[in-house]
Structures are given as C-alpha cells and as structure tokens.
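Chemist: here is a sequence with its predicted model. Questions after.
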Amino acid sequence: MSVRKLSENEYIEAMKLSMYAFQYNVPEADIPARKDRLKKHSIFGIWEEESLAAKLHIIPLKVHINGLEWNMGGVAGVATYPEFRRKGYVSSLIKHALTEMDKKDQLFSFLHPFNISFYRKYGWEIFTEYKKTLINKIDLQMAGKSSGTIKRYTKNQHTKTIEKIYKKYMLRYSGGLVRDAYWWENFVYSDSQIAVYFDEAGEGQGYILFKVKDNKMDIEEFAALNQEARVNLWNFICQHDSMVEEVKIITSVHDPFPYYLNQPNLKMEVFPYFMGRIVNADKCLSQYSFNENSENVFLHIEDHHAPWNNGSYLIKDDGVRVFKEKEGSQCINPPARGLHMSINALSAIIIGYKRPMELYELGEIKGPRNDAEILERKIPVQQSFFYDFF
C-alpha cells in the first residue's frame, strides 16, 4: 500500500468518506465552504484502484505549554470505509502522519479519540479532562451582588476583547489552543453566543459561550479571570430561571466552580477528553523550561511508531544531551542509570497532565526512586486543559 497527499480536486472524496464514517450530511450549498476550509489541512489517503479507502487529516495549529507557544499537528478525520478495514491502513496513515509532522516541526500532536486504548498504542496519551456540572432550576440562586455589565455577542459580532479574555484565561493552563479570529468564527461559535462580563472600568473580565434550547441552557465554555467575573457570569446564568429547567456547565476540573456558590452540592461528572503526544522528543526537551537545580537525570524513551525518539536523554541545567540512536532502535552505549518510560508517559508529564511520581507509583516509569524524585523536582507544576474540538 502507499500513502499519498490528496489534491484539492480530491477533497470531495475525503468529504464523502467523512460523511459516511461519521454519519452526517453536508448540505449541497455548504460544500464549497467546507472544501475551502480543507485547504488549511494536509489530507493523506490510501487508495484501492480508483476508490479512496482510508484517510487522515493534519491541521497545523499552536498550543500553550510551559509558557511557550508550540507548533502542534491536530490529527482529525481518521476514517476507513468498512470494506477496507482491518488491512492496516489506519496504522500506515498514523505512522506517515508522524513523519510528516516531524518534518514540519510540529513537536506535539493532539487528537480526539474514538477509542483511547487504540491511540495509546501509537503513543498518544490522555492529557486533559473536563468537568460537567448539572444544575436544576431550583439551584439557580444568585451569588452576591451583581456589578459591571454583561453584553452578548454572536459570531458576526466577534471582538478582540473575547480573544484577549480567552488568552489570559488559558495561560493558566497547559495545552490550550492558540485561537485566532478565523478559528473563533469557524470552530468556536457555531450556533452559540457569548456573554461577556465587563467590570466597572469597562474591562472585559470573563465570558460564557452558551446556547439556550428546549428549556435547557448549555454553557460550553466558562472563562473568568477573577472572582468578580465568576459571580457576575453565574448571576447572568441565574437570570434565565424563567426560561430553563436545567443548566449544564463545562469547565476544567481545576476551575473552582461550583465551590463559591451558596449551594455547591451539585451533580458533577468528569470525562477524559483529548489525547496528545510528543512528536520529536529531542527538540521538545531541548526547548522545554525545566526547573533549575543542580540535579541531573537520565531519561530512556521508548517510541515504537516514531523511532527517532528512541534514545537516552540527560536532563541538565545547561541543556539536554542526547545519546544518538543507531538505525532508529537502540542508543549507542546508553547509560545504565536513569528512568525508563514510554513516549506516552513522557507526553503526559511534559503537557502537565500527570506528575512523574504519580506515573512512577503506577509503574509507568521504571528505575531508581531517587531518580524519579529528581525528575519530579525538575518538572514545573502545570494544570492541563483543552476547550476545543477538531
């Protein structure tokens, strides 16, 4: 089999496969706009005779991790027609995609999994969860005195103020997508609207992305920069008590909601969400900002599907020393001491989802406990979160 990049003339075939696999239809009038969006993607496919059998999209994006913006390849639209399944096509596409992302210096890759265990085999690991809070009408009780003003915006009224609030809010987390106006207008709003809280000085301090339908209010994003914004956005939600019977709010598991409510005894559920992986460990570790101390530690990384990552890495204050690989498999004279882990474990640590000692206790990191404690001290504490979908 061979993998090749689709031309623009073949985008309609990719759309047909997506519609079949993911069970939706694109109205005829919307097809030109959809095809235009695909120009931003790199789409790779495998063909059987004249038929597109399987395909995968890579979307060039950026994310915030450890105080920096990193190039990220978003993997999406992975699909195969049923008659072509179980032939290893998706496996070939994924391996090809990793090589392509490495060539383009996309040092991380994120995706939304249909099955977590499937993508774990290829080196992706969970890096974020979200919390869903369900609120009945009886619990829509305002918290404190309202101040400032609330203004509602739709897709056609998007402003830089909203982008500024989002950026400040997501800088508190690791893994958040860097959004531009195009992303907001095409992939965030959909049929939702945004309510922005402005303080007494007229500064935007928070927003909610929401929709109200069938007596239900769905809050898809709740981003508040301070307690004043949290209270006023909550009070705005409560003002819908004559319109809704139930409210659903999606937040980070690290967000303080609903602790500060008068009645925080609400039903909450936590769900694993996106997965991420390091595409190039050498470049990633070299650019990552470790905590400075006098301690050094060796990391021995295993990556079955991006063999250029296989190797040993000495983490020092003055940089990262890489022990070169031989034919993409084993290092030349690797040091005996240090910690052994998969690319999955390293990705979870670097993005900020898990701490080294957590994974050590789970058996995902092997080696001397003292080395694991050194790594624990060298990794900055981060909280990962991701609000987007692709």
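Modeler: Structure received.

Chemist: how does the protein divide into domains?
Modeler: Residue ranges for the domains of the chain, per automatic domain parsing: 4-111, 131-272, 279-378.

Chemist: quick one: mean pLDDT for the first one?
Modeler: What domain 4-111 shows for mean pLDDT is 96.

Chemist: cool, and the longest one?
Modeler: Confidence over domain 131-272 (mean pLDDT, whole number) is 97.

Chemist: now do the helices in the stretch 201-350 of the chain.
Modeler: Applying DSSP state H, counting those that start in this stretch to the stretch 201-350 of the chain gives helices spanning 227-238, 281-287, 343-351.

Chemist: and if you look at the stretch 51-200 of the chain?
Modeler: 89-103, 116-120, 160-170, 181-183.

Chemist: is it possible to get TSV of the ones you listed that adds mean neighbour count?
Modeler: Every residue, glycine included, has its C-beta placed from N, CA and C. As requested, those are exported to TSV (neighbours: other Cβ atoms under 10 Å):
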stretch	mean neighbour count
helix 89-103	19
helix 116-120	14
helix 160-170	18
helix 181-183	12
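
Chemist: nearest to D139, out of those helices?
Modeler: D139 sits nearest to helix 160-170 of all the helices of the stretch 51-200 of the chain, at 24.7 Å, using Cβ to Cβ.

Chemist: E373 is nearest to which of the helices of the stretch 201-350 of the chain?
Modeler: Of those, nearest to E373 by Cβ to Cβ is helix 343-351, at 13.8 Å.

Chemist: I'd like to know which elements that closest one is packed against.
Modeler: strand 125-126, strand 275-278, helix 281-287, strand 297-302, helix 356-361 (3 or more Cβ pairs under 8 Å, 6 or more residues apart in numbering; DSSP states H and E).

Chemist: relative to G204, how far out is the residue lying closest to N296 once chain neighbours are set aside?
Modeler: The shortest distance from N296 to any non-neighbouring residue, by Cβ to Cβ, 6 or more residues apart in numbering, is to K316 (4.9 Å). The gap separating K316 from G204 is 43 Å, by Cβ to Cβ, to the nearest Å.

Chemist: quick one: which of those two has more around it?
Modeler: G204 (21 against 14; other Cβ atoms under 10 Å).

Chemist: surely the more buried one touches K164?
Modeler: Yes. The pair G204 and K164 qualifies as a contact (Cβ atoms under 8 Å) at a distance of 6.7 Å.

Chemist: what ranges in the stretch 251-390 of the chain fall below the confidence cut-off?
Modeler: Along the stretch 251-390 of the chain, the model assigns pLDDT under 70 to residues 324-335.

Chemist: how far off centre is the longest strand along the chain?
Modeler: Counting residues, the longest strand in the chain under DSSP state E turns out to be strand 51-65. Centre-to-centre, strand 51-65 and its host chain are 13 Å apart (Cα atoms, centre = their mean, to the nearest Å).
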